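S.K.: could you look at this predicted model? Sequence included:
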2 protein chains.
Amino acid sequence: MDDATLHEAGELEALRRFLPLLPEGDATALGPGDDAAVVAAPDGRFVVTTDTMLEGADFRLGWSRWHDLGWKAVATNLIDVAAMGARPTSLVVALAVPPSTRIAALEELARGLADAIAAMAPGVGVVGGDLGTARHAVIAVTAFGDLEGRAPVLRSGARPGDAVWVVGDLGLAATGLRHLFVEAVDEAAEPDRDAAELLRAGAHGASIAAQLAPVTPIGAGTLLADLGATAMLDVSDGLALDAARVARASGVRIALDGAAVAAASPDAALPAALHGGEDHALLVTLPAGVVPPAELAGHPVRRIGLVEPAEVQGDVTLDGEPLEPRGWDPYRAG
Amino acid sequence: MDDATLHEAGELEALRRFLPLLPEGDATALGPGDDAAVVAAPDGRFVVTTDTMLEGADFRLGWSRWHDLGWKAVATNLIDVAAMGARPTSLVVALAVPPSTRIAALEELARGLADAIAAMAPGVGVVGGDLGTARHAVIAVTAFGDLEGRAPVLRSGARPGDAVWVVGDLGLAATGLRHLFVEAVDEAAEPDRDAAELLRAGAHGASIAAQLAPVTPIGAGTLLADLGATAMLDVSDGLALDAARVARASGVRIALDGAAVAAASPDAALPAALHGGEDHALLVTLPAGVVPPAELAGHPVRRIGLVEPAEVQGDVTLDGEPLEPRGWDPYRAG
């Protein structure tokens, strides 16, 4: 039966094999199986974020294993919950895959979800989902968290005098994507699975893993909030662009230190660190004098700049020079 | 600019035009724009359900207007929240559409979301979303509700002696779908928009509207819970199949009365009422002696059967004869 496709086995059989692999979760009052689930929200509020991973635009089945897709869905959605200063509690997953997809592949995806939760956010439950068919795979995750009495940490709270910190390495995921685009394609420029697996097992393994199955500092969110974080976000579109979002929302300048940014991107070139995407590091501003531990949730914590009064909208500088808030093109960058 | 496509205008411009059209919502503590939203959950729990509408499997752009898609996404997701006995509070929408989609089409979809909320669940907010591109359109909605101190109404609570009621008409949406499949296709059996619009304006208008832009009895959910509903669900896969779900979960027999089912499906043939899909009526069991109003939330309330002790798993009878829990094939049924 391991080779049966969704088309052959049907949705009910697929769900019968998929659902038991998912963790129930500490906050789950009622799990999958009824019209809706019920999740505890002891704070009297809940945090919610939604994000969709689309085959083609966001992943290639020629590079990502199914386990990776489940893992990355957890890693990238729960970090958005963490960036509010909330503890992730649960998520729902809506899947649409081609009818020719093997049920075993869906099981691998479920194990990816479960393994990522166990590694990065133990106690989180998968409380519901939806399974359908589409020509190209779609993985839509909506994730929830509990503020545990805290005020949410917004992008708009940075104040002149605060220090700018980053939790996690910058530029690695974008570097991995560039390796894949350059070294893991066939003559028609299509993804080559064998080449991708070889790259992943080789010297570039860390960057490939950061791209395909990232480990994100989910546990650091509540810790930073409790340290007094004034603004925080998940760096998903590159430091330059995401720092500009904080600068604009807070009405401040983010003055970055080039040497410190380079130190926060030990395995990537500066353009990848500044303009690469999918770091899923936490960019956080803390009041002057607050020094966080050197490591949070297993990720390095580094000071990379200072908050100053703004002179222009979305004001970000690198060593005093204006920094353009643009993304990174893996086809072009060096 | 009304004719600009998503590809031409870009995601930011599309969101700049899409987001202001969405209602903020009474329970929204923090709306779109940060890493996540914050929603009030005064009950200390929240109800959550997710469902995906996929172009091809669930809708055809040749039949559905973009306004319909937004409307139906609200109508079909919030009824799942209502079926738990909860008051809907908010939802998030993840959209993926072809890059050639006009921004004006996305605006129509947003108006469909807003108009459906105003008509069926005023006070509900759209608190977040995600916009991407895909070859075929995907609309993934996750909806939330507040139990307001009630116990959730499950599928498993029906007891022998309860009466079986349905809120809303049966078979109409499936009848509309059959009209579309038979009368609104071109010579290649592909959807024909002009024919669909003509059908909708004609004698079959009610069934076409029930299929493309249904009005569901969302407001009836909390009222039925407060009347003492022992089991409740949204009839989405046909009365026969959904009654079997209640029978199985509750360990009872659902004994349906044929004449009463016919009366609950005034504009549909009995096969469509029993085995058609997408009614989005509420099927509810109430203790003997509890007589609900003849109309709830603008929808007729009709008694269609009785809960009896089970003799077999998933036991449903129609006038005493076993009723097969199968869905309805619009290509075949009469």
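M.R.: Received, thanks. Numbers count the residues shown, from 1 in each chain, chains lettered A, B, ... in the order given.

S.K.: can you give me the strands in the stretch 151-300 of chain A?
M.R.: Under the criterion DSSP state E, counting those that start in this stretch, the stretch 151-300 of chain A contains strands at A:163-167, A:231-235, A:252-256, A:281-286, A:295-296, A:299-309.

S.K.: minimum distance to chain B: which of these has it?
M.R.: Closest of these to chain B is strand A:231-235, at 5.5 Å (criterion: Cβ to the nearest Cβ). For the C-beta atoms, the positions are set from N, CA and C on the backbone; glycine is no exception.

S.K.: other SSEs contacting that closest one?
M.R.: Under the contact definition 3 or more Cβ pairs under 8 Å, 6 or more residues apart in numbering or on different chains; DSSP states H and E, strand A:231-235 sits against helix A:66-82, helix A:220-226, helix A:239-250, strand A:281-286.

S.K.: and it, which strands flank it?
M.R.: strand A:281-286 (antiparallel) (DSSP bridges).

S.K.: now do the partner strand against helix A:66-82, angle only.
M.R.: Here strand A:281-286 runs at an angle of 10 degrees relative to helix A:66-82 (axes from the mean of the first three to the mean of the last three Cα atoms, to 10 degrees).

S.K.: how about the residues of the stretch 201-334 of chain A near chain B?
M.R.: A:Met232, A:Leu233, A:Asp234 (Cβ under 8 Å from any Cβ of the partner chain).

S.K.: tell me what the first one is bridged to.
M.R.: Per DSSP bridges, the residues bridged to A:Met232 are A:Val284.

S.K.: wait, what's in contact with it?
M.R.: Residues near A:Met232 by Cβ atoms under 8 Å, 6 or more residues apart in numbering or on different chains: A:83-85, A:153, A:155, A:221, A:224-225, A:282-285, B:35.

S.K.: try 10 Å this time
M.R.: Applying Cβ atoms under 10 Å, 6 or more residues apart in numbering or on different chains, one finds that A:Met232 lies in contact with A:82-85, A:152-155, A:157-158, A:165, A:167, A:220-221, A:224-225, A:246, A:282-286, B:34-35.

S.K.: what of A:Val301?
M.R.: Going by Cβ under 10 Å, 6+ apart, the list of residues near A:Val301 reads A:165-168, A:217, A:220, A:223-224, A:264, A:282, A:284, A:286, A:291-295.

S.K.: could you rerun that using 8 Å?
M.R.: Contacts for A:Val301 (Cβ under 8 Å, 6+ apart) come out as A:Trp165, A:Val166, A:Val167, A:Ala220, A:Pro292, A:Pro293, A:Ala294, A:Glu295.

S.K.: kindly report the same for A:Gly132.
M.R.: Here A:Gly132 is in contact with A:Glu11, A:Ala94, A:Leu95, A:Ala96, B:Thr52, B:Leu54, B:Ala57, B:Asp58 (Cβ under 8 Å, 6+ apart).

S.K.: and those residues, which are buried?
M.R.: A:Ala94, A:Leu95, A:Ala96, B:Thr52, B:Leu54, B:Asp58 (16 or more other Cβ atoms under 10 Å in any protein chain shown).

S.K.: any idea how far the fourth one lies from A:Arg135?
M.R.: Yep, that's B:Thr52 we're talking about. For B:Thr52, the distance to A:Arg135 equals 14 Å [Cβ to Cβ, to the nearest Å].

S.K.: can you check A:Leu199 too?
M.R.: 28 Å.

S.K.: so which residues of the stretch 1-150 of chain A form helices?
M.R.: Using DSSP state H, counting those that start in this stretch, the helices assigned to the stretch 1-150 of chain A run over residues A:6-18, A:66-82, A:103-120.

S.K.: redo the ones you listed as TSV? Include distance to B:Ala255.
M.R.: Shown next, in TSV, are the helices of the stretch 1-150 of chain A (distance: least, Cβ to Cβ, whole Å):
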stretch	distance to B:Ala255
helix A:6-18	25
helix A:66-82	43
helix A:103-120	36
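
S.K.: deepest-packed of those helices, please.
M.R.: Highest mean neighbour count of those: helix A:66-82, a mean of 27 (counted as mean count of other Cβ atoms under 10 Å in any protein chain shown).

S.K.: so which other helices or strands are in contact with that one?
M.R.: strand A:45-54, strand A:87-97, helix A:103-120, strand A:138-146, helix A:220-226, strand A:231-235.

S.K.: return the set of buried residues in the second one.
M.R.: Translated: strand A:87-97. A:Arg87, A:Pro88, A:Thr89, A:Ser90, A:Leu91, A:Val92, A:Val93, A:Ala94, A:Leu95, A:Ala96, A:Val97.

S.K.: one more: the fifth one?
M.R.: Of all the residues in helix A:220-226, those buried under the rule 16+ other Cβ under 10 Å are A:Ala220, A:Gly221, A:Thr222, A:Leu223, A:Leu224, A:Ala225.

S.K.: pLDDT of it, averaged?
M.R.: Averaging pLDDT along helix A:220-226 yields 98.

S.K.: again with the shortest one
M.R.: Taken as a whole, strand A:231-235 carries a mean pLDDT of 97.

S.K.: CA atoms only: put it into CSV for me.
M.R.: Provided in CSV are the C-alpha atoms of strand A:231-235 (Å, rounded to 0.1, in the frame of the first residue of the first chain):
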residue,chain,number,x,y,z
ALA,A,231,9.9,45.9,18.2
MET,A,232,10.4,42.4,16.6
LEU,A,233,9.9,40.7,13.3
ASP,A,234,10.8,37.6,11.4
VAL,A,235,13.4,38.4,8.8
